[in-house]
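>>> structural data only, the sequence is not supplied:
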């Protein structure tokens, strides 16, 4: 198979594409996989680091106001489509899988009528690229049921370290890694690679008001944020945690944002959580959290309402209640998809088989 992946810009678009690529390579090591991206996206570093070829095309964002870029948009967009067509021809593409972002609309239009293509939507509220592509795609996959008409529910492809994670089996090793006893209650707090200011501020305020007592907090603040306090027996600050599999295994409860990948990972491994959706954007983070919250696996609170009082009144009683933790963990796992990469790979193979006839 010659496979082209389209989904650049953010890690949320790139990581699922690379996780699918890993599964397709596992099934057929002879497959040739190329990713499309732009020079301005994270794919410039993430794709080569995973061992895949990257073909750059011009980024063509839609102008948000009337300016010179708006008038040159048709020309620039047309050039991007031509560049993608050349990439499809050069790679002898058998199928294109798009994950949204700047690269995807040119990829969908370049593939239409020439190469079968699949649209995968990570969020509960799809972006423009995938709304357009889904109208004429050979197949559509979704992470949250009911996101796009006619879509197959696959879930979001996960990293192998998360996909193969058994929290109970890894718990002792994870606690040893972080230097935490098996008896402690552990709260994992993170806000993505850049951190989340509201969440960080609430933890800092909690530190100022009182110690954490018997709760150990593992806190990933984000690379550019300062620690509000030095490490201690109950507070473990990190700029970034590169072993999230061990962090998940060590934790009893999580406080975090609700980006698509975060929700997919937490529900797949069955962790109780409190989601604090990012307040800026089109509201997709709140929608991403809904299935887990509806199943009883998580709490959700608006960014503006998340503070020390919420932690003390709503979260700590759960952390200190073993039955509540167990029930929420089971409920969270009931809506997760550990096999999302396999499901999406099955769909890719089905589309290829249908088009080979």
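That came through fine. A quick note: this is a predicted structure, and the numbers were derived from the prediction, not measured.

>>> number of nearby residues for the residue nearest to residue 108 when sequence neighbours are not counted?
Nearest non-adjacent residue to residue 108, counting by CB to CB, 6 or more residues apart in numbering: residue 133, 3.8 Å away. Any C-beta I mention is one placed from the backbone N, CA and C, and that applies to glycine too. Neighbourhood size, residue 133 [other CB atoms under 10 Å]: 28.

>>> do I have it right that residue 133 meets residue 117?
Yes. Using CB atoms under 8 Å as the test, residue 133 is close enough to residue 117 to be in contact (7.3 Å).

>>> quick one on the thing from earlier: which pLDDT value goes with the residue nearest to residue 108?
At residue 133, the predicted lDDT confidence score is 95.

>>> which residue ranges of the chain form strands?
2-6, 32-37, 53-56, 95-98, 117-121, 139-142, 152-153, 185-190, 215-220, 235-238, 253-256, 273-275, 298-300 (DSSP state E).

>>> kindly reformat those strands as CSV containing mean pLDDT.
Below are the strands of the chain laid out as CSV (pLDDT from 0 to 100):
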stretch, mean pLDDT
strand 2-6, 96
strand 32-37, 95
strand 53-56, 95
strand 95-98, 98
strand 117-121, 98
strand 139-142, 98
strand 152-153, 97
strand 185-190, 97
strand 215-220, 96
strand 235-238, 96
strand 253-256, 98
strand 273-275, 98
strand 298-300, 98
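
>>> out of those, which comes closest to residue 355?
strand 95-98 (7.9 Å; CB to CB).

>>> quick one: buried residues of stretch 22-31?
By neighbour count with 16 or more other CB atoms under 10 Å, stretch 22-31 contains the buried residues 22, 23, 24, 25.

>>> for stretch 313-321, same thing?
Going by neighbour count (16+ other CB under 10 Å), the buried part of stretch 313-321 is 315, 316, 318, 319.

>>> which members of those are the farthest-apart pair?
Pairwise across those, and taking CB to CB, the largest span is found between 316 and 318, at 7.3 Å.

>>> surely residue 244 touches residue 162?
Yes. Applying CB under 8 Å, one finds residue 244 in contact with residue 162, separated by 7.3 Å.

>>> got any residues that touch both of those two?
Shared contacts of residue 244 and residue 162, defined by CB atoms under 8 Å, 6 or more residues apart in numbering, are found at residue 265.

>>> format the strands of the chain as a markdown table; extra columns: distance to residue 79.
Below are the strands of the chain laid out as a markdown table (distance: least, CB to CB, whole Å):
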| stretch | distance to residue 79 |
| --- | --- |
| strand 2-6 | 16 |
| strand 32-37 | 14 |
| strand 53-56 | 13 |
| strand 95-98 | 18 |
| strand 117-121 | 20 |
| strand 139-142 | 27 |
| strand 152-153 | 33 |
| strand 185-190 | 40 |
| strand 215-220 | 41 |
| strand 235-238 | 43 |
| strand 253-256 | 40 |
| strand 273-275 | 40 |
| strand 298-300 | 43 |
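
>>> same list (these) but as TSV, adding distance to residue 292 and mean neighbour count.
Output for these, formatted as TSV (distance: least, CB to CB, whole Å; neighbours: other CB atoms under 10 Å):
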stretch	distance to residue 292	mean neighbour count
strand 2-6	27	25
strand 32-37	30	24
strand 53-56	33	17
strand 95-98	26	28
strand 117-121	17	28
strand 139-142	16	24
strand 152-153	15	15
strand 185-190	16	24
strand 215-220	20	23
strand 235-238	25	20
strand 253-256	11	24
strand 273-275	7	26
strand 298-300	4	22
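
>>> list the residues that contact both of residue 133 and residue 117?
Among the neighbours of residue 133, those also in contact with residue 117 (CB under 8 Å, 6+ apart) are 98, 108.

>>> got a list of what residue 81 touches?
Applying CB under 8 Å, 6+ apart, we find residue 81 in contact with 106, 109, 110.

>>> residue 41 too?
8, 9, 10, 14, 59, 101, 102, 103.
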